[in-house]
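Asker: Structure for this input, please:
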Amino acid sequence: MSSEELLVLTLAPNNPSNTIITSATGDVVYTVVTEHTKTTTTTQILNAQEEVVASSEWRDVLPDKITIGNNKPISLGDWMKRSLVPFKDDISFTDNEGRKYKWRGNSAGRDFELYTADDKYASPIARFHRPRLIHVPLSLESDPSPNDSAVSSTPTLINSKHRYPQTPATLVLSSRAVQIQDTIVTSFLFLEKSHRINETEHQSRADVLGAPDISVGVQYRATNGGVP
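Answerer: Got it, this is the predicted structure:
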């Protein structure tokens, strides 16, 4: 993306189905919560005013059934259309004004990037950055004092498995992407959930999303952002 002013949204934890999304100033922009009942699993995306922006009813075989705003429920596959050839990892959709977009990166090990037909899909207008380990020198691994000049001002998360700090998971939007911010955030979250399940399809859904034992009717937030 260009060097224009960007909107950086941070996901904590790094879980597309259970997370709090904040701005660079720390303000809550979206809250994503998943609830399990005896018969259904439903994810809701709420904005800063706690209004439901979108929801998704999970389905095992067919694509999830989604509801955008006050619209009627539809299949995720009817909204987000997967390309067959030659770019089978592209997923296309159209906004309310008829403008066309493509999410790219729907394959193992890749991160999603969003392109628009405005420039013939030349440059991304939104991009997801998954957490990255920060390998620090051994001399800096011990806990520094608050006044230690070696302490970085860059926000990091601690990965207890590896003892190394991590960069946070972020979704970065250009000014063009901000024009349809709710649509981009919604489409990304729903696609990323499916993406992670497909990446680790040998695991159960609970394992993929890092969920603890779940009681019926109880909301949960997955630990470690659902990343193995």
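Asker: quick one: the helices in the chain?
Answerer: Applying DSSP state H to the chain gives helices spanning 76-79, 175-178, 181-199, 205-208.
Asker: Need the pLDDT of the residue nearest to residue 82 when sequence neighbours are not counted.
Answerer: Of all residues not flanking residue 82 in the chain, residue 91 sits nearest, at 5.4 Å (C-beta to C-beta, 6 or more residues apart in numbering). For the C-beta atoms, the positions are set from N, CA and C on the backbone; glycine is no exception. Confidence at residue 91, expressed as pLDDT, is 95.
Asker: do the one 4 residues further on as well
Answerer: According to the per-residue confidence, residue 95 scores 95 in pLDDT.
Asker: Could you list everything the residue nearest to residue 82 pairs with in the sheet?
Answerer: Counting by DSSP bridges, residue 91 forms beta bridges with residue 82, residue 103.
Asker: What count of nearby residues applies to residue 75?
Answerer: Here the number of neighbours of residue 75 (other C-beta atoms under 10 Å) works out to 13.
Asker: Cross-check the contact I'm expecting between residue 192 and residue 16.
Answerer: Yes. In this structure, residue 192 is within contact of residue 16 by C-beta atoms under 8 Å, at 4.1 Å.
Asker: what's the spacing between residue 176 and residue 165?
Answerer: Counting by C-beta to C-beta, to the nearest Å, the separation of residue 176 from residue 165 is 32 Å.
Asker: before we move on, what about residue 90?
Answerer: As judged by C-beta to C-beta, residue 90 and residue 165 stand 34 Å apart.
Asker: what's the answer for residue 172, then?
Answerer: Separation of residue 172 from residue 165 (C-beta to C-beta) stands at 20 Å.
Asker: Check residue 131 too.
Answerer: Counting by C-beta to C-beta, the gap from residue 131 to residue 165 is 10 Å.
Asker: where does the protein dip in pLDDT?
Answerer: For the chain, residues meeting the criterion pLDDT under 70 lie at 1-3, 85-87, 136-163, 201-228.
Asker: in it, which strand has the most residues?
Answerer: For the chain, the strand with the greatest residue count under DSSP state E is strand 28-36.
Asker: Contacts only, for residue 182.
Answerer: Contact partners of residue 182, counting by C-beta atoms under 8 Å, 6 or more residues apart in numbering, are 47, 53-54.
Asker: Now with 6 Å, please.
Answerer: Applying C-beta atoms under 6 Å, 6 or more residues apart in numbering, we find residue 182 in contact with residue 53.
Asker: If residue 35 is in a bridge, with which residues?
Answerer: With DSSP bridges as the criterion, residue 35 is bridged to residue 42, residue 219.
Asker: That one and residue 74, how far apart?
Answerer: Distance of residue 35 to residue 74, given as C-beta to C-beta: 21 Å.
Asker: Please consider this matter closed, and thank you.
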